[in-house]
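Engineer: quick one: sequence and predicted model below, then my questions.
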Amino acid sequence: MKFFSKFRSGFVRLFLGAAYCMPLGSSIAIAQSPTNIFDPAATPARSIFDLSMLVLAVTLAIFLIVSGLLLYALIRFRHRPEDAQHEPPQIYGSNQIELSWTVIPVLIVVMLFLTTARVILGTQAIPKPKDALNVTVIAHQFWWEYRYPKLGIVTANELHIPVSSSADANPTYLNMSSADVDHSFWVPRLAGKTDVIPNRVNTMWIDPKVPGLYLGQCAQYCGMQHAKMLIRVYVQSPADFAAWVNQQKQPARQDFAADPEAAEGQAVFMHSACINCHAIAGTAATGRFGPDLTHMASRDTLCSGAIENTPQNLRQWIDDPNSLKPGSLMPAMHLNNHDLDAVTAYLTQLR
């Protein structure tokens, strides 16, 4: 009995401490999270958030009512000394209670079903504007390929889109498919999770209202490096997006007369197996198995957002990809130090 009392009092103290500490800790964690589902920045995410709050309110009301009734029953019908003298009254069913606990849950489920259907139709069945930006998203193990058909741009891992305001609605439509296994595209602050699977095209749209960087990741286990298949969405002002488009449309740099090391690196790159997997516009490199490297140096990250794009990280990535991303499908190139430095110098000039 002493052990039970100590355990119960310890549990009560733990519960009360958690009750006081969790709201503060949770609010701090939510405020700092770059994938905060409670801070929607686009219409689809806002619709999902509103629906979630409605479901939370309904379930909270059910919890409070049921808990209140249970607490009332525990207190009202608790055991008393006089109960041993006679048997309490026996009640065999109640049509009113049985009707209530049948009809009320059915009405709640129907209400939630209709509300959910409205959100689904509001995010998937709306007409597509003529001036919407179209992006083809192709998932690979373990990186993302982005193609802008109307703009003639191919890039990887970092999606750039224009901001969409209430006065100037400019949504972006993503047509997504997979080149290998099942993946899932999820940027919590912009929209819900959408599966990206082979031999099928799934479409989602986003209309971010505030410029900035929005983070997400593949939400469907797709292999060893699933956790490092990250998503970076850059929402830019119209002017900044136009500048980015203009930069991406430029051909890859070819003149390295002023940089002999980069020129040598270009020659090494073009005479190695790199060109079988990677493409660089205007060169003999036309591979499609790996990311397009035409403007690789303009990206902030490497390895699908796993590491910062610096010359040191790039050199290590070329030398031994598995040291940075175990399970990566890119093979180690086994270049000597001189060629490795030269190739790194060449790729860092591709802006």
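Structural biologist: Done, it's in. Numbers count the residues shown, from 1 in each chain.
Engineer: tell me where the protein has strands.
Structural biologist: Per DSSP state E, the chain carries strands over the ranges 133-140, 143-148, 153-156, 158-162, 172-178, 183-186, 194-196, 202-206, 212-218, 230-236, 301-302, 307-308.
Engineer: now for the fourth one, which elements pack on it?
Structural biologist: With contacts defined as 3 or more CB pairs under 8 Å, 6 or more residues apart in numbering; DSSP states H and E, the secondary structure elements packing on strand 158-162 are strand 133-140, strand 143-148, strand 230-236, helix 238-249. Where you see a C-beta, it was placed from the backbone N, CA and C, and this is true even at glycine.
Engineer: out of those, flag the one nearest residue 91.
Structural biologist: Put simply, out of these the one that sits nearest residue 91 is strand 230-236, at 58.3 Å, with distance taken as CB to CB.
Engineer: contacts for that closest one, please.
Structural biologist: Outside strand 230-236, the residues within contact range by CB atoms under 8 Å, 6 or more residues apart in numbering are 41, 144, 157-163, 185-187, 190, 206, 208, 210-218, 244, 300-301, 304-306.
Engineer: could you flag which of these are buried?
Structural biologist: With neighbours counted by 16 or more other CB atoms under 10 Å, the contacts of strand 230-236 contain buried members at 41, 144, 157-163, 185-187, 190, 206, 208, 214-218, 244, 301, 304-306.
Engineer: just send the helices and strands packed on strand 158-162 back as CSV, with distance to residue 315 and mean pLDDT too.
Structural biologist: Formatted as CSV, the entries for the helices and strands packed on strand 158-162 read as follows, by distance: least, CB to CB, whole Å; pLDDT from 0 to 100:
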stretch, distance to residue 315, mean pLDDT
strand 133-140, 23, 94
strand 143-148, 19, 94
strand 230-236, 21, 94
helix 238-249, 24, 93
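Engineer: I'd like those written out as a markdown table, with distance to residue 97 added.
Structural biologist: Shown next, in a markdown table, are those (distance: least, CB to CB, whole Å):
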| stretch | distance to residue 97 |
| --- | --- |
| strand 133-140 | 52 |
| strand 143-148 | 55 |
| strand 230-236 | 51 |
| helix 238-249 | 61 |
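Engineer: out of those, which comes closest to residue 177?
Structural biologist: strand 133-140 (6.1 Å).
Engineer: could you give the angle of the closest one to strand 143-148?
Structural biologist: 150 degrees (axes from the mean of the first three to the mean of the last three CA atoms, to 10 degrees).
Engineer: grab the most central residue of this structure for me.
Structural biologist: Closest residue to the average C-alpha location of the chain: residue 216 at 2.6 Å, with CA atoms, centre = their mean.
Engineer: partners of it in the sheet?
Structural biologist: Using DSSP bridges, the bridge partners assigned to residue 216 are residue 231.
Engineer: is it true that it touches residue 37?
Structural biologist: No - using CB atoms under 8 Å, residue 216 is not in contact with residue 37; the gap is 10.9 Å.
Engineer: are there residues contacting both of those two? Which ones?
Structural biologist: Taking CB under 8 Å, 6+ apart as the contact rule, the neighbours common to residue 216 and residue 37 are residue 188.
Engineer: check contacts around the nearest residue to residue 35 once chain neighbours are set aside.
Structural biologist: Excluding the flanking residues, the one nearest residue 35 by CB to CB, 6 or more residues apart in numbering is residue 188, at 4.6 Å. Residue 188 makes contact with 35, 36, 37, 45, 216, according to CB under 8 Å, 6+ apart.
Engineer: report how many residues lie close to the first one.
Structural biologist: If I follow you right, that is residue 35. The number of residues packed around residue 35, counting by other CB atoms under 10 Å, is 14.
Engineer: quick one, phi psi at it?
Structural biologist: Backbone dihedrals for residue 35, given as degrees, to the nearest 10, come out at phi -120, psi 50.
Engineer: wait, it sits on residue 215?
Structural biologist: Yes - the pair residue 35 / residue 215 is scored as a contact, 5.6 Å apart, by CB under 8 Å.
Engineer: where do the contact lists of these two overlap?
Structural biologist: By the contact definition CB under 8 Å, 6+ apart, residue 35 and residue 215 are jointly contacted by residue 187.
Engineer: make a markdown table from the contacts of residue 188 and add distance to residue 224 and pLDDT to it.
Structural biologist: Formatted as a markdown table, the contacts of residue 188 follow (distance: CB to CB, whole Å; pLDDT from 0 to 100):
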| residue | distance to residue 224 | pLDDT |
| --- | --- | --- |
| 35 | 22 | 80 |
| 36 | 28 | 84 |
| 37 | 27 | 85 |
| 45 | 30 | 92 |
| 216 | 20 | 93 |
